[in-house]
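Asks: Have a look; sequence and predicted model below, questions after that.
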Amino acid sequence: MEWALNFKDPEVQHRHISHLFGLFPGHSLTLKKNPELCKAAENTLYKRGEDGPGWSTVWKTAVWARLQNSEHAYKMVKHLIRLVDPVDQKIGFEGGLYSNLFAAHPPFQIDANLGFPAAVSEMLVQSSMTDLYLLPALPREKWAKGCVKGLQARGGNTVNICWDRGDLQEVGLWSEEDGSCSLRRLHYRGTTVSTSLSPGIIYTFNSELRCIKSFSLSELTFPRV
């Protein structure tokens, strides 16, 4: 149940999902530790439906991503990317985008715009201080091929990922923080690998999460502008 006592819900498809804060952006609920509660959270999302303003849409996208449900996460992305004419927009603020890509909600809604990259990032990388989950909610058929660079993971790590035909191809991982080596677990489709990461070293992993090369950040050279 969503509430301590059961009662008739006066607005079943309400835009708020504040009771799921522990799932996203919090970490008190996880699929590994709380599978039954995560199933309840999924039921809540089905009950709430898809409609709502942009900020609600991107929050639902992120929660579906945390549940590693790529189909529904992508469905919410598509729900946000709908052209809205501000002249014809109804007072209900159903979401969508204006032609300048501002989230529709007169005059516009910046929290939806800022929340969108956060939600998409959750589809591609999820992290705790010790674990990295790669492509946990990738819509494999819709985003079959791609690369993402510079995603920031918890623990001060930067992640680059490339994939093709919906499958992981290569991962780059590094930390610029000073300190001793950190131990992290990499997860991809049921495979888990533990690895020690030294600050200032770029590590490259293949599709089997095997480290295939490493080199120092100081070896990188950047073109002059």
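Replies: All right, it came through fine.

Asks: Provide the strand pairings for the lowest-mean-pLDDT helix or strand in the chain, with the direction of each partner.
Replies: Least confident helix or strand, the chain: strand 182-188 with a mean of 87, by mean pLDDT, DSSP states H and E. Here strand 182-188 has these sheet partners by DSSP bridges: strand 131-134 (parallel), strand 191-197 (antiparallel).

Asks: Spatially central, which residue of the chain would that be?
Replies: By Cα atoms, centre = their mean, the mean C-alpha position of the chain lies nearest to Glu122, the distance being 1.0 Å.

Asks: Which residue is the nearest non-sequential neighbour of that one?
Replies: Spatial nearest neighbour of Glu122, excluding adjacent residues (Cβ to Cβ, 6 or more residues apart in numbering): Ala65 at 3.9 Å. All C-beta atoms are positioned from the backbone trio N, CA, C, and that covers glycine.

Asks: Could I get the contacting residues of the nearest residue to Asn113 once chain neighbours are set aside?
Replies: Excluding its sequence neighbours, the residue lying closest to Asn113 (Cβ to Cβ, 6+ apart) is Ala103, at 5.2 Å. Contacts were defined as Cβ atoms under 8 Å, 6 or more residues apart in numbering; by that measure Ala103 touches 53-55, 80, 95-97, 109-113, 116.

Asks: Val77 too?
Replies: Contacts of Val77 by Cβ under 8 Å, 6+ apart are Thr61, Ala119, Val120.

Asks: before we move on, back to that, okay, the strands paired with strand 182-188 in JSON lines with distance to Cys38, mean pLDDT and mean neighbour count next?
Replies: Shown next, in JSON lines, are these (distance: least, Cβ to Cβ, whole Å; pLDDT from 0 to 100; neighbours: other Cβ atoms under 10 Å):
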{"stretch": "strand 131-134", "distance to Cys38": "14", "mean pLDDT": "95", "mean neighbour count": "22"}
{"stretch": "strand 191-197", "distance to Cys38": "19", "mean pLDDT": "92", "mean neighbour count": "14"}
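
Asks: circling back to that earlier point, just to check, the residue nearest to the centre of the chain is in contact with Leu135?
Replies: No - contact between Glu122 and Leu135 fails when scored by Cβ atoms under 8 Å: they sit 11.1 Å apart.
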